[in-house]
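Participant: Turn this into a model:
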Amino acid sequence: MDKSQTFNILEVDKIKTNKLEYSYSNNIININRSNSKNIVLDNSYSNFYLVTQDSNMDIIVKLSSQKIGTKFRILITNVQKSLRIICVNNYDKFKGVIKINNNSANINNEILNNNLKKNITQTIDNYSDIIYIPSTKLGLYNGGFIDLLYTGNNYCNKKINTEIGYWLVNSELIGDINLPKNILLHDINIPYLLTIYISINTNKIICVTTKNMINNTIYFNNINNNNIILFLDLCYDIKIVTVNDNIEVYNSKLYDSSNTTLYNYNLEICNNLLTTNTNTFISVKDLNATNNNKNTLKFINEFNYDISNVDTHNYNISEIYNTNIINYNNLNVLKYRIIENSNTIIEGFFNIKTIKSYNNSTSIENILSNSLFGYYTMFTEVNNNIVLDESKY
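Facilitator: Residues are numbered from 1 along each chain as shown. Predicted coordinates for the structure are as follows:
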């Protein structure tokens, strides 16, 4: 059988249907271990289905067609390790929508009872260089698909010279969407691990994760224009990792300003925001005993305003639930910057939240948690080679 066939009526005993459509197609490319890292698609493969034949593969798909109307569908029929979709032509980019649905086999440990209804929808305002899914749990369980359609330039016409051409993306993927049931510091001596993944090409944050070092669960922090949501209820150790080469360039537990051969990156916070005309910054942590320009409070739970602790008076951070707030100036906002060889490459704000104030109750369970947490963005830049912790996200 080499062409589509349609059956209008099918009768089997007492089963009857007035319309049963059946189709067979031979325009299929099987993705297997022999070709998974070198699949190049031009317009001659338009309307083809790419079907994963083997599991646990690192898949790379290259799109070379610039013919308007070229389209492909990638079917994730078994679990995969990673997927990278790139354009052969430098001026071709991606835009559209990627939707991640929660894996039905994912055990719901949260207070939220709509485990199977959880989903994340990702869009992009402008365009991205590539689509990169670095982990099974971020959308590569079996049952998902990605549709790709080449639309040409902004006006859906053939692109000319250096005009941007667009691949329109529409997808439904299956991943693990895990939100912590509560934000609780189980042991003051075992801080959570905050990992900031940055791009050294564009000097921006790709994603931020928080890991519970006791049970190894991980969630994504909400970030917006390099502004990061943290929880006052926790204390954090902090790492900075470059996604281009997955090298740890900063660790707050090890940073020593007297040893520049270990790290040439540093994370600093402003300790006089809006109180003077010029901002001053201090290191979040520093093992150098001779450096007095450093923070001595546990980051971030000890920043909670304490009238008897003068170090907390440099900030306006406090639990606002059931608290009489007098000063709203820079309330629960902490300015930071990432330094490389004394040069500022990234700056933004830590926005400090508390679960009690968010819930407007004494409860620390995440009743309305979606907006507090973030996700990994699959629309990303070409140099993103991020390798994430394989624990639960």
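Participant: Pull out the buried residues from stretch 203-210.
Facilitator: For stretch 203-210, the neighbour count (16 or more other C-beta atoms under 10 Å) marks Ile205, Ile206, Cys207, Val208, Thr209, Thr210 as buried. (C-beta placed from N, C-alpha, C; glycine too.)
Participant: Farthest pair within the residues you listed?
Facilitator: Farthest apart among these by C-beta to C-beta are Ile206 and Thr210. That separation is 15.2 Å.
Participant: what's the helix or strand for Ile320?
Facilitator: Ile320 belongs to no helix or strand when assigned by DSSP states H and E.
Participant: if we can go back for a sec, so which of the buried residues of stretch 203-210 belong to helices?
Facilitator: Residues of the buried residues of stretch 203-210 located in helices (DSSP state H): none.
Participant: count of neighbours near Tyr49?
Facilitator: 15 (other C-beta atoms under 10 Å).
Participant: which strands and helices sit next to the helix or strand hosting it?
Facilitator: Using DSSP H and E, Tyr49 sits within strand 48-52. Counting contacts by 3 or more C-beta pairs under 8 Å, 6 or more residues apart in numbering; DSSP states H and E, strand 48-52 is packed against strand 28-31, strand 71-76.
Participant: Past the last one, which element shows up next along the chain?
Facilitator: So that's strand 71-76. Using DSSP H and E, the next helix or strand after strand 71-76 towards the C-terminus is strand 82-87.
Participant: what is the orientation angle of that next one with strand 48-52?
Facilitator: With axes from the mean of the first three to the mean of the last three C-alpha atoms, to 10 degrees defining the directions, strand 82-87 sits at 160 degrees from strand 48-52.
Participant: just checking, what packs against the helix or strand that comes right after strand 82-87?
Facilitator: Downstream of strand 82-87, the first helix or strand assigned by DSSP H and E is strand 92-102. Contact here means 3+ C-beta pairs under 8 Å, 6+ apart; on that basis strand 92-102 packs against strand 82-87, strand 119-123, strand 130-133, strand 144-152, strand 165-175, strand 379-380.
Participant: Show me which residues of strand 92-102 are buried.
Facilitator: Under 16+ other C-beta under 10 Å, the buried positions of strand 92-102 are Asp92, Lys93, Phe94, Lys95, Gly96, Ile98, Ile100, Asn101, Asn102.
Participant: Could you give me the buried positions within stretch 377-393?
Facilitator: Neighbour count says stretch 377-393 has Thr377, Met378, Phe379, Thr380, Glu381, Asn383, Asn384, Ile386, Leu388, Lys392, Tyr393 buried, by 16+ other C-beta under 10 Å.
Participant: Most widely separated two among those residues?
Facilitator: Maximum pairwise distance among the buried residues of stretch 377-393 (C-beta to C-beta): 26.9 Å, between Asn383 and Lys392.
Participant: that older thread, partner strands of the helix or strand just after the strand holding Tyr49 and their direction?
Facilitator: Counting by DSSP H and E, the element after strand 48-52 in chain order, helix or strand, is strand 58-63. Each strand pairing with strand 58-63, determined using DSSP bridges, is listed with its direction: strand 39-41 (parallel), strand 82-87 (parallel).
Participant: Can you tell me, leaving aside adjacent residues, what's nearest to Asp147?
Facilitator: Asn170 (4.6 Å; C-beta to C-beta, 6 or more residues apart in numbering).
Participant: what sits opposite that neighbour in the beta ladder?
Facilitator: Val97, Asp147.
Participant: my read: it touches Phe94, true?
Facilitator: No - the criterion here is C-beta atoms under 8 Å, and Asn170 misses it with Phe94 at 11.2 Å.
Participant: Please point out the stretch among the helices and strands packed on strand 92-102 with the lowest average pLDDT.
Facilitator: Of all those, the minimum mean pLDDT falls on strand 119-123 (a mean of 86).
Participant: quick revisit: where does confidence bottom out across the buried residues of strand 92-102?
Facilitator: The member of those with the lowest pLDDT is Asn102, at 85.
Participant: And stretch 288-303, end to end?
Facilitator: Terminal residues of stretch 288-303 lie 21 Å apart, using C-alpha to C-alpha, to the nearest Å.
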